[in-house]
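Q: with the input below, show me the fold.
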Amino acid sequence: MRYRPFGRSGMALSTVGLRLSWDTFNKNRNTAAALMTAALENGINTFHFDTTDLELLKLAAEVFSVVDRKLLFIGCTAHGRTIDGPATSYELVPLRSRLKGAIKDSGLMWLDMLAFERPINYVLPEDSRAFLRSLKEARMLRYACATVDVADMDEVIMSGDFNVIDTRFDLDTSWDKRNLMDKAVASDMSIIARDYYPDAYKKASDLMPADGKKSWFFKKPENPLTGAGTYAFLHQTPDWTAEELCLSYALHQTAISCVLIEPKSVDQLELLAQVPERHMPSSVPAQIEMARFTEHGPKNRVKA
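A: Numbers count the residues shown, from 1 in each chain. Predicted coordinates:
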């Protein structure tokens, strides 16, 4: 595992972090505990929970008890599951109740980061802001994070209310967004990336042009160059999976402090945790740039 400085905090974050959602595992304690344990064993010190569910956070505190808490970077999503979404979740009473459980009752002692979804749209009430300031003063919360995409990113940067931006980043992320990420870093903010491997890249058949697909007789395409200039190479590069190449590409972006992975098994986690130590094949960056600017990209792909 490799590590990068987290802004000017003095902390070093593992370049790969573990993102967990209680719903993903249908509240399976054994699976969640196994993933967190495997993450620690593979040098991961950055964890983000897409929930403030007390049961999951208590389980996390139990798993993390074997490590000095100061060596871990633990974040949570601030909003709960309500009919109105984050709009009502950010009101003082429900926010205070959830954070009491996440910080005090869970045993985690403090949160390093609290993420707010699209805070430009779902404005934090002033009493909630005052509560968050009191948590920071008491050293129970270190950083406020905005989960945004390109449309709201500039406004979040200019607001000065957040220390961290949590955003999607993949092979097709626009130059506008990349420039805004650089602007955020220049403004003493840190970037945490997610969703580096969209569904559009997961099936080889979706990335190969129709004339390049093998027939049911398993014959090779007539044109050996069919697929050039597309993302078909993601599923054709020896010794690499498509997900590993996408992760490696994201890790090469110097503006990003950490990329969050969402493995479904310990085996998958261990393979992804090895990617920071591997060297991307020299041909891949050029293939990515060729594919980014051709008309053969994944259909219905929404750029991050």
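Q: can we go C-alpha only for contacts and neighbour counts from here?
A: OK.
Q: now do the strands in the protein.
A: All strands of the chain, identified by DSSP state E, fall at 3-5, 12-14, 16-20, 46-49, 73-77, 111-117, 141-147, 164-168, 190-194, 256-261.
Q: for the fifth one, which strands pair with it and how are they oriented?
A: Strands flanking strand 73-77 in the sheet, each with its direction: strand 46-49 (parallel), strand 111-117 (parallel) (DSSP bridges).
Q: for these, give me TSV that also has mean neighbour count.
A: Formatted as TSV, the strands paired with strand 73-77 follow (neighbours: other Cα atoms under 10 Å):
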stretch	mean neighbour count
strand 46-49	23
strand 111-117	23
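Q: of all those, which one is nearest Ser248?
A: Nearest to Ser248, of all the strands paired with strand 73-77, is strand 46-49, at 17.4 Å by Cα to Cα.
Q: with only the CA atoms kept, save the closest one in PDB.
A: In PDB, the C-alpha atoms belonging to strand 46-49 read as follows (Å, rounded to 0.1, in the frame of the first residue of the first chain):
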ATOM      1  CA  THR A  46      -9.000   5.100   5.200                       C
ATOM      2  CA  PHE A  47     -12.600   4.000   5.700                       C
ATOM      3  CA  HIS A  48     -15.900   5.700   4.700                       C
ATOM      4  CA  PHE A  49     -19.300   4.500   5.800                       C
END
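Q: oh, and call the first residue 245 from now on, that's how I've got it
A: Taking 245 as the first residue, the last one we looked at is strand 290-293.
Q: who's in contact with it?
A: With contacts defined as Cα atoms under 8 Å, 6 or more residues apart in numbering, strand 290-293 is touched by 257-258, 260-265, 316-321, 504.
Q: let's see it at 6 Å
A: Contacts with strand 290-293, where a contact means Cα atoms under 6 Å, 6 or more residues apart in numbering, come from 261-265, 317-320.
Q: among the residues you listed, which pair sits farthest apart?
A: The farthest-apart pair in those, when distances are taken by Cα to Cα, is Ser265 and Phe317, at 16.6 Å.
Q: who has more neighbours out of the two?
A: Neighbours were counted for Ser265 and for Phe317 using other Cα atoms under 10 Å; Phe317 has more, 21 against 17.
Q: give me the below-cutoff pLDDT ranges for the stretch 395-544 of the chain.
A: The stretch 395-544 of the chain contains residues with pLDDT under 70 at 452-472, 539-544.
Q: 90 - rerun?
A: The model of the stretch 395-544 of the chain has pLDDT under 90 over residues 395, 403-405, 444-476, 480, 533-544.
Q: before we move on, the earlier item: among the strands paired with strand 317-321, where is the model least confident on average?
A: With a mean of 93, strand 355-361 has the lowest mean pLDDT of these.
Q: picking up where we left off before, as CSV, the strands paired with strand 317-321 with distance to Tyr445 would be great.
A: Below are the strands paired with strand 317-321 laid out as CSV (distance: least, Cα to Cα, whole Å):
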stretch, distance to Tyr445
strand 290-293, 24
strand 355-361, 25
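Q: quick one: closest of those to Lys380.
A: Using Cα to Cα, the nearest of the strands paired with strand 317-321 to Lys380 is strand 355-361, at 9.7 Å.
Q: mind checking how far the closest one is from the chain centre?
A: Chain-centre distance of strand 355-361: 13 Å, with Cα atoms, centre = their mean, to the nearest Å.
Q: circling back: what's the lowest-pLDDT member of the contacts of strand 290-293?
A: Lowest pLDDT among the contacts of strand 290-293: Ser265, 85.
Q: count the residues that sit near the residue nearest to that residue when sequence neighbours are not counted.
A: Excluding the flanking residues, the one nearest Ser265 by Cα to Cα, 6 or more residues apart in numbering is Asp294, at 5.1 Å. As a burial measure, Asp294 scores 17 neighbours (other Cα under 10 Å).
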